[in-house]
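# based on what follows, work out the 3D shape:
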Amino acid sequence: ELRRRKIRDRVPMTFVTSEPYIGHLGLGGVGDTKTHIESVLRQRHIKWVTNARVDTVEDGLMHVTEVDEDGADKRQHDLPFKYSMMLPAFRGIPAVCGIDGLVNPRGFIVVDEHQRNPKFPNIFSVGVCIAIPPYEPTPIPVGVPKTGFMIESMV
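As a prediction, the model looks like this:
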């Protein structure tokens, strides 16, 4: 819409992510994703803040904290906006959340190498509902992407 109206060059954009660097994608990077995605963002004049958490959002202003490699606060960003979009962290469904031994703190079902829950051996799970450990430790936790290909390989 911005390009159609020929005003994209007058609308600043900032991409805020908890990932430690652009192109991490929850997998520690895939090939040369860092260079490629940074290049695309630069071409489109999109700024970015990595290793970041959103602290608060007010009307027209988002307060973001960037952290260092150890997770300590590094820099505060106050990002003004007229329109923003946030993608919240994915969570499990309320029906199973909080069941000790069945789910992790985010509500995803814990499974072993046979897709079976260790505490409730008659429960098997596959797909986006299972708890997949992070690919690697990061200053701000990031999730592993859950794709159709990965889910098919579970079955």
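# for the rest of this, base every contact and every neighbour count on C-alpha atoms.
OK.
# so where's this structure shaky on pLDDT?
147-155 (pLDDT under 70).
# which segments of it make up each domain?
Domain segmentation of the chain under automatic domain parsing yields 8-80, 89-155.
# could I get the ones you listed as TSV with distance to Glu1 and mean neighbour count?
Listed next are the domains of the chain as TSV, based on distance: least, CA to CA, whole Å; neighbours: other CA atoms under 10 Å:
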stretch	distance to Glu1	mean neighbour count
domain 8-80	8	15
domain 89-155	27	15
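# a markdown table for those domains, including distance to Leu2?
A markdown table is the format used below for the domains of the chain (distance: least, CA to CA, whole Å):
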| stretch | distance to Leu2 |
| --- | --- |
| domain 8-80 | 5 |
| domain 89-155 | 27 |
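# am I right that Lys119 is in contact with Gly101?
Yes. With contact defined as CA atoms under 8 Å, Lys119 counts as touching Gly101 (5.7 Å).
# now Leu27. Nearest residue, chain neighbours left out?
Distances taken as CA to CA, 6 or more residues apart in numbering put Tyr135 closest to Leu27, at 5.6 Å, once the chain neighbours are dropped.
# what sits up against the helix of greatest length in the chain?
Using DSSP state H to define each element, the chain has its longest helix at helix 33-43. The contact list for helix 33-43 (CA atoms under 8 Å, 6 or more residues apart in numbering) reads Tyr21, Ile22, Gly23, His24, Lys47.
# out of these, which sit inside strands?
The strands, defined by DSSP state E, take in Lys47 from those.
# for the nearest residue to Thr50 once chain neighbours are set aside, list the residues it contacts.
Nearest-residue entry for Thr50: Thr17, 5.1 Å, with adjacent residues in sequence omitted and distances by CA to CA, 6+ apart. Taking CA under 8 Å, 6+ apart as the criterion, Thr17 is in contact with Trp48, Val49, Thr50, Asn51, Ala52, Arg53.
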